[in-house]
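Asker: sequence isn't available, so here's the structure alone:
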């Protein structure tokens, strides 16, 4: 500033000299010019000084160079979320650039996100609607684009406080269940043929949402075709909302609609309007019909009829709100489901853990119900991990400050567009260990730190603050129950000769570059449940007689699938299937082969032979089965892993009588579980025993007892456990098992805990 003052003084002296010379000149023609110059020079100097001072005092974030008029537009890359992360690595967690004349600011750190979404929540509670957004929301009368204020608060109050109450969501369960059952029946009828998973997810979610909105959906082929058309239209609206529009970047050109975005948006809205008119007319004629439970349309129409001055909700608000629900909720939910199925298929061990949990909670003879969902902790972790690695809205909806403010020490002018790069924050190695790995265990036993409420600013799948997603209660129910149903009801695999592609393409919702095409084979033991009461048996017999679907299993597939089904029956389902199972776990092989079930290769159990069973036992590399010939009959059992309570440990297993029989006794688990295990001990959950291995995962003679992907090892003090009365056993396949003490192995019996594979000691 001293330099600036010195420079200003020199300029002033020079001007004064010229000024004096000019003023003294005796030239009448220059009188006016001299007067103007005399006034203008001091004004210009003062203005320049103020401009320089303001420039230094209002420090904007750093950022890349912009070109005149177009700003940084020529340099933007198609995948904006990835490009913004590259720029953040150069300019830091907050940077600016211009799109046309609009100043944009990108945030890529939890602390800065907290400043905007929590500390300055009210200032940043606006979204500037693009022209396509205005056209598809009746001029901003919806919940997404409506300016922050009384009208927006009223619309959100109606949605959250009237439509999404627990009572309303509970009463709509039958509608959601009906649509989900229809989808499962349709997928079962496909007979193992490849299908577009994302498209099927969209149709499922769409019909579920429409059913909750107005309680009626289309049926059969018309239902499927309508879903495809609606997917295309809803997807096009989302594309238009996310597409840079010259009219938005250069408002002076808006009236020309150079890209035709406004025109196309209005055409799509005309289609929606015709649909709404039909449904509203139908609803008006059905108002006296007892529908058993209120759908969203009924709740909304009652609210409109009440004409409450405190809630001036109109039919136009209703249309706009329904578009928010249908277009936004349907696309993001179905996209998340497609990613979740992709990741579990790509990680077979995770798929197996999910399905094991579902078997224990739901059972292989039952469909998933929403009442099961609170018990599905691992599945919840899978959903959360999916939303971390593949967040549906990678940049959220841009926030626009209503007044200038300071964020991260930088000046953010009123009207700037502020993007929160949630995608980059979800993959930040400072916040997440091995962030590119799909690892649901990171969300287990985290004490609720990573919920959907936006309090953990490293994890914001639904945003945070006043403009966070209002539909979280509905999204949670739909994601969990739908994904649970698909993974429990079917075995998933890729068509022959294809590979999993997990690459992304940017948009308002983050989709797969190529749609997932997969084969879903029936997994439940009782195929009648796919078709409803009394209809599944005939279809199953017909399929078997005709060769069983279109997916031809190889001999290896048939034997592997037989082995997997036998494992489930002998460990968990024998009593439920009325098999005569002994206290030592053995059942007759002939009784097993009489079951009216299909394996996961869609092969009838009755078509298998005793030789097939013996081949499945021989090929099982974990030696999970035991065979016994007695009085000319062949018996089979699972050697360990049971939940069937009639099985007795002393009959099934060999007791361990001394510590010398088990010099190494180790349980494998995960870091996310460790805190809870140290506090509460190892629990057997619904199984009969806690499992231990007789060595490390890399030991050649250790064939079972521990998953291969564990990262924590817990070693048991066998001597102390035996001395204090804990019973330990060993199975035929060399797994150490114990019922613990009242179902728990307390931490006082742990001799040491180590990381794996590093084998670093962990204090406890």
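Answerer: Perfect, I can see it now. Since the structure is predicted, the reported quantities are computational estimates derived from the model, not experimental observations.

Asker: residue 378: which element?
Answerer: Under the criterion of DSSP states H and E, residue 378 resides in helix 377-389.

Asker: in that helix, what counts as buried?
Answerer: Judged by neighbour count using 16 or more other Cβ atoms under 10 Å, the buried positions of helix 377-389 are 378, 379, 380, 381, 382, 383, 384, 385, 386, 387, 388, 389. From N, CA and C alone the C-beta is placed, and that goes for glycine too.

Asker: neighbouring contacts of that helix?
Answerer: Residues outside helix 377-389 that contact it (Cβ atoms under 8 Å, 6 or more residues apart in numbering) are 336, 339-340, 343-344, 350, 353-354, 357-358, 426-427, 432, 436, 438-444, 450, 459, 461, 479-480, 483-484, 487.

Asker: with stretch 65-76 instead?
Answerer: 63, 64, 83, 97, 98, 99, 100, 101, 102, 244, 249.

Asker: make a PyMOL selection of the buried ones in those.
Answerer: To isolate the buried members of the contacts of stretch 65-76 in PyMOL, using 16+ other Cβ under 10 Å:
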select buried, resi 63+83+97+98+99+100+102+249
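
Asker: just give me the closest of the contacts of stretch 65-76 to residue 367.
Answerer: When the contacts of stretch 65-76 are ranked by distance to residue 367 (Cβ to Cβ), residue 83 comes first, at 44.2 Å.

Asker: grab the nearest non-local neighbour of the closest one.
Answerer: residue 77 (4.0 Å; Cβ to Cβ, 6 or more residues apart in numbering).

Asker: run a quick neighbour tally on the one you found.
Answerer: 12 (other Cβ atoms under 10 Å).

Asker: surely it touches residue 87?
Answerer: No. Using Cβ atoms under 8 Å, residue 77 makes no contact with residue 87, being 10.0 Å away.

Asker: about what we covered before: farthest-apart pair in the contacts of stretch 65-76, please.
Answerer: 83 and 101 (20.5 Å).

Asker: got the domain boundaries for the protein?
Answerer: Domain segmentation of the chain under automatic domain parsing yields 2-57, 135-512, 553-652, 653-755.

Asker: returning to that earlier point: which of the buried residues of helix 377-389 lies closest to residue 726?
Answerer: Nearest to residue 726 among the buried residues of helix 377-389, counting by Cβ to Cβ, is residue 378 at 27.2 Å.

Asker: what's near enough to touch the spatially closest residue to residue 503 that is not a sequence neighbour?
Answerer: Closest residue to residue 503 apart from its sequence neighbours, by Cβ to Cβ, 6+ apart: residue 513 at 4.2 Å. For residue 513, the contacting residues are 501, 503, 504, 505, by Cβ under 8 Å, 6+ apart.

Asker: report pLDDT for residue 513.
Answerer: The model reports residue 513 with a pLDDT of 96.

Asker: do the same with residue 630
Answerer: So, for residue 630, pLDDT stands at 93.

Asker: state the distance from it to residue 367.
Answerer: From residue 630 across to residue 367, the span is 38 Å (Cβ to Cβ, to the nearest Å).

Asker: so for these two, which residue has more residues nearby?
Answerer: Neighbour totals were compared for residue 630 and residue 367, and residue 367 leads with 19 against 9 (other Cβ under 10 Å).

Asker: wait, which of the contacts of stretch 65-76 is closest to residue 590?
Answerer: Distances from residue 590 to the contacts of stretch 65-76, taken by Cβ to Cβ, are shortest for residue 83, at 64.7 Å.
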